[in-house]
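Peer 1: this one's structure only:
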């Protein structure tokens, strides 16, 4: 048996070498893959990194297996082909292979695979109540008037007139995203779509807004269970018009990471005389919180001591009479 096996192996090996050399002569040396492609492939589909990441996510949801990017390439191409050609009632076969994956790649893939999320930047008036108004304008910006999920919200005080916001919100598809952006513009918001902005997706969304020089700023980190409407409840309690402590929000960072509990980082400007009353008020909200004012990350990257500004403080009497 071993002799015949060696004979057949040698025979087929020689035939493969002869076939390859023949193809190299016809196609010009190292152009064998290109020549074969011209003969056998009818059409090519170009996909980007986000579409490959979405294919990895879809494969995991369907089969509970994790593909490497090259292994999910075919699935990404078929999805795009179906979408662009409006194909239906057809069967497609995709070859998937490879699971060369590590946690560093998964971190990138999980951020980029969420096709149901839209990343934008907005400008709103730097005044009390503007955050809450933005939340409601965005969260209920749909025909069914049901809450729209907001998965990321990042703000840092930088200007007396305008506040710059980076946020992500849930969408059902490209048409839904375009509708939301149009409605926000109709409401007077200056909106920039960051969906194709690589710098924003890879770096800008994580930079936190830079350093600000503000008088009497304190920083708190809150923890609360992650559930639908949790961010809305937190904003309502934080901006409670019945509160007796005047403060102005100067920093806000929230990111839904899919865990059971989530964290919100909030900067507040308040006089030293009112700080004890502020902590009493915060303790009554029902959330676990930690003061981070002395955190080295805040002191070195988010705070600029000296020559501080004083942001507009809310007029609690005016808020109660509206």
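Peer 2: Structure's in. What do you need? A quick note: this is a predicted structure, and the numbers were derived from the prediction, not measured.
Peer 1: what does the helix or strand containing residue 231 contact?
Peer 2: Element membership of residue 231 [criterion: DSSP states H and E] is helix 230-238. Contact with helix 230-238 is made by 131-132, 135, 139, 147, 150, 153, 222, 224, 249, 254, 262, 264, 266, 285-287, as judged by CB atoms under 8 Å, 6 or more residues apart in numbering. No exception for glycine: its C-beta is placed from N, CA and C like everyone else's.
Peer 1: with stretch 164-171 instead?
Peer 2: Here stretch 164-171 makes contact (CB under 8 Å, 6+ apart) with 116-124, 134, 138-139, 148-156, 158, 177, 180, 194, 200, 204-205, 209.
Peer 1: go again with 6 Å.
Peer 2: Applying CB atoms under 6 Å, 6 or more residues apart in numbering, the contact partners of stretch 164-171 are 116-119, 121-123, 138, 148-155, 177, 205.
Peer 1: ChimeraX command for the buried members of these?
Peer 2: Selecting just the buried residues from these in ChimeraX takes one command, with 16 or more other CB atoms under 10 Å as the test:
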select :117,118,119,121,122,123,138,148,150,151,152,153,154,155,177,205
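Peer 1: among the contacts of stretch 164-171, which ones are in strands?
Peer 2: In this view, the contacts of stretch 164-171 that belong to strands under DSSP state E are 117-119, 121-123, 150-155.
Peer 1: strands of this protein, start to end?
Peer 2: 117-125, 150-156, 162-170, 190-193, 217-225, 248-255, 261-269, 288-291.
Peer 1: distance to residue 61 for these - can I get that in JSON lines?
Peer 2: Converted to JSON lines, the strands of the chain look like this (distance: least, CB to CB, whole Å):
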{"stretch": "strand 117-125", "distance to residue 61": "15"}
{"stretch": "strand 150-156", "distance to residue 61": "18"}
{"stretch": "strand 162-170", "distance to residue 61": "17"}
{"stretch": "strand 190-193", "distance to residue 61": "26"}
{"stretch": "strand 217-225", "distance to residue 61": "24"}
{"stretch": "strand 248-255", "distance to residue 61": "22"}
{"stretch": "strand 261-269", "distance to residue 61": "22"}
{"stretch": "strand 288-291", "distance to residue 61": "32"}
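Peer 1: and those as CSV, adding mean pLDDT and distance to residue 50?
Peer 2: Listed next are the strands of the chain as CSV, based on pLDDT from 0 to 100; distance: least, CB to CB, whole Å:
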stretch, mean pLDDT, distance to residue 50
strand 117-125, 89, 11
strand 150-156, 87, 16
strand 162-170, 88, 14
strand 190-193, 92, 14
strand 217-225, 89, 30
strand 248-255, 87, 18
strand 261-269, 87, 24
strand 288-291, 90, 35
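Peer 1: of all those strands, which one is nearest residue 56?
Peer 2: The stretch from the strands of the chain with the least distance to residue 56 (CB to CB) is strand 117-125; that distance is 15.7 Å.
Peer 1: between strand 150-156 and the closest one, find me the angle.
Peer 2: Counting by axes from the mean of the first three to the mean of the last three CA atoms, to 10 degrees, strand 117-125 points 40 degrees away from the direction of strand 150-156.
Peer 1: burial of the closest residue to residue 260 other than its chain neighbours, as a residue count?
Peer 2: Distance criterion CB to CB, 6 or more residues apart in numbering; nearest residue to residue 260, sequence neighbours excluded, is residue 226 at 6.2 Å. Using other CB atoms under 10 Å, residue 226 has 15 other residues around it.
Peer 1: thank you kindly, that will do.
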